[in-house]
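*Asks:* the following comprises the amino acid sequence and a computationally predicted model.
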Amino acid sequence: MGTVSPFVPNCASGPASALGDRGEGIERPFDVKFGPDGTMYIVDYGVVTIDFSQAPPYAYQPGTGVVWKVTRQATPRQRQGATGTRAGSGRIRRVRSCAGTVGSHPDSGAFMKATILLGTLRRSGLSNTETLCEFFAQRLQAAGISSEIIRLVDYEISPGACSDMGAGDQWPGILEKVLDSGIVIMATPIWWSNQSSLIQRAIERLDELHDGILAGEDSPLTGKAGGIIITGDSDGAQQVIGNICNFFNAIGLLVPPYATLSVLWDRQAKGKKPSKEELLRKYESDYGSTADKMVAQLVQFASP
């Protein structure tokens, strides 16, 4: 068995801000990446206060997020602990500061991103579900999470239960984005107490991942967090949540507590024509705290 020993600790226990060395030591590291040359990059949220009585519960101190670069050779100053960290046999330096949350590795892109599979049936015009997704994406952005809303209706997604159905099939490109995300969200209107046909198509196209799991392979979705966004006018949300959660569980996608955002409102009924401004006012006033809590849970449970 190997030996576990501290690596890149601060000179004293605790985050740097508690030692009077804000910005000069490790604060809240949450991930490690390696560059092509073997250099280690440590992603550090920076100063974060957590208060679960607030929504969102995480408050990020602007300008304190850092990407640290760790190489094999220490400078004399760092060997003496002058920067607030001990790098052991390595050298650590700040390579990027971030405006409040997490920055980017120059080679790997965003450390945490979300892909939202939007199942609206509308090719044009105002979509309640798309508007709710845009509202939620703003919440993600406020937490430092980049996101992409993929309107499935705009793609040629061939019927089938494999990851690639051949010529003309645009699903493989969508799947690549899903697998490259730490957070995966399915967003759907309710039709006859079920998810939309486009979300069902996405479920069917993800079935090959389940085949691999049944064959003893690890799920490529392990460590990723899943969420659900729903719009409707009266009922059916619980059944849709049950359907999608069951599928997420089967393919290895973790669904944290409070990771659903369901808006049931008679103004979203078929034939009603609320304005986008009216929808956003409703979402903000009645569902803002729910959305923030969902974001916090997804961030807490997801791996970049």
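*Replies:* All right, it came through fine. Numbers count the residues shown, from 1 in each chain.
*Asks:* can you pull out the low-pLDDT segments for the stretch 151-300 of the chain?
*Replies:* Of all residues in the stretch 151-300 of the chain, none has pLDDT under 70.
*Asks:* now the strands for it?
*Replies:* Assignment of strands within the stretch 151-300 of the chain using DSSP state E, counting those that start in this stretch yields the ranges 183-189, 225-232, 260-264.
*Asks:* work out the gap between the longest one and the centre of the chain.
*Replies:* Think strand 225-232. 13 Å (CA atoms, centre = their mean, to the nearest Å).
*Asks:* tell me the angle that strand makes with strand 183-189.
*Replies:* 10 degrees (axes from the mean of the first three to the mean of the last three CA atoms, to 10 degrees).
*Asks:* can I get the strands of the stretch 151-300 of the chain in TSV with distance to Cys11 and mean neighbour count?
*Replies:* All C-beta atoms are positioned from the backbone trio N, CA, C, and that covers glycine. As requested, the strands of the stretch 151-300 of the chain are arranged in TSV below (distance: least, CB to CB, whole Å; neighbours: other CB atoms under 10 Å):
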stretch	distance to Cys11	mean neighbour count
strand 183-189	35	27
strand 225-232	34	24
strand 260-264	43	21
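*Asks:* now those strands as TSV including distance to Asp286?
*Replies:* As requested, those are exported to TSV (distance: least, CB to CB, whole Å):
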stretch	distance to Asp286
strand 183-189	18
strand 225-232	13
strand 260-264	8
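*Asks:* nearest to Lys272 among those strands would be which one?
*Replies:* Across the strands of the stretch 151-300 of the chain, Lys272 has its closest neighbour in strand 225-232 (11.6 Å, CB to CB).
*Asks:* quick one, the closest one and strand 260-264 angle?
*Replies:* With the same axes, to 10 degrees defining the directions, strand 225-232 sits at 0 degrees from strand 260-264.
*Asks:* residues in contact with Val240?
*Replies:* Going by CB atoms under 8 Å, 6 or more residues apart in numbering, Val240 touches 188, 190, 193-195, 228, 230.
*Asks:* quick one, phi psi at the nearest residue to it once chain neighbours are set aside?
*Replies:* Leaving aside its sequence neighbours, Val240 sits nearest to Gln195 (CB to CB, 6 or more residues apart in numbering; 5.1 Å). The phi/psi pair for Gln195 (degrees, to the nearest 10) reads phi -70, psi 160.
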